[in-house]
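> got a sequence here, can you model it:
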Amino acid sequence: RKRDLKTMLSDRPDLREYAALTSSDRLPDTLAVATDCPELLPTLLHAPVIKALSKYSEHFQSLHITDQNAFKIEGQTNEFSHLLLCELRLPAAHQMEQLNLLQEMCFHFVDLVATKAKLPKDARKR
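Sure thing, here's the model as predicted:
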C-alpha cells in the first residue's frame with residue numbers, strides 16, 4: 001500500500017538498497033510498486049493478479065519478493081536468502097471468504113516466480 005511504502009523501504013535493507021518506486025497504471029490508486037527490475041512487472045502483474053488486487057485492495061498489505069533477504073521475521077532466523085512474503089489485512093470474521101482470491105494469488109506467485117519470472121541478463125548484472 002502506498003501509505004506504508006516509506007516504512008517498508010526503511011525496514012527492509014534489500015528494498016532500501018536496490019528498489020525504486022515504479023509507476024503502474026494497472027494497479028488501484030492505493031497500491032504502489034517498488035522494484036529493481038521493472039522488466040518483470042508484465043509477468044508478475046498480469047490480468048488475474050490485477051483483478052484480485054483491484055477487487056480486494058483494502059485487504060492487501062504487501063508482497064515482497066527478493067533474492068537478497070535481510071528482512072527478519074520476529075522469532076525466526078534467516079536461513080534462506082530468497083523470500084516471498086505476502087501480507088494480507090484480515091477482515092472481520094464474517095467476511096473471511098474475501099481473502100480466498102488473495103490467498104490464491106499469493107500461492108500463484110510462488111509458482112510464477114519459480115517458473116516464469118526469470119531475470120533478464122542485464123538485470124542479473126545490477
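> list the buried residues of the helix or strand containing T43.
Under DSSP states H and E, the secondary-structure element containing T43 is helix 41-44. Burial within helix 41-44, assessed by neighbour count using 16 or more other CB atoms under 10 Å, is assigned to 41, 44. Placement of C-beta: from N, CA and C, glycine included.
> centre of the chain to the helix ranked longest in the chain, how far?
Ordering each helix of the chain by length in residues (DSSP state H) puts helix 100-115 first. Between the mean C-alpha location of helix 100-115 and the chain-wide mean there is a distance of 11 Å, by CA atoms, centre = their mean, to the nearest Å.
> what packs against it?
Identification of packing neighbours for helix 100-115 by 3 or more CB pairs under 8 Å, 6 or more residues apart in numbering; DSSP states H and E yields helix 41-44, helix 47-55, strand 60-66, strand 83-88.
> cutoff 6 Å now
Using 3 or more CB pairs under 6 Å, 6 or more residues apart in numbering; DSSP states H and E as the contact definition, the elements that helix 100-115 packs against are helix 47-55.
> so the helix it packs on versus helix 100-115, what angle?
Orientation note: helix 47-55 sits at an angle of 140 degrees relative to helix 100-115 (axes from the mean of the first three to the mean of the last three CA atoms, to 10 degrees).
> hang on, the earlier thing: state the mean pLDDT of the helix holding T43.
Per-residue confidence for helix 41-44 averages out to 90 on the pLDDT scale.
> and the gap between L31 and M105?
L31 sits 13 Å away from M105 when distances are taken as CB to CB, to the nearest Å.
> of the two, who's got more company?
M105 (21 against 17; other CB atoms under 10 Å).
> contacting residues around the more buried one?
Residues counted as contacts of M105 (CB atoms under 6 Å, 6 or more residues apart in numbering) are 49, 52.
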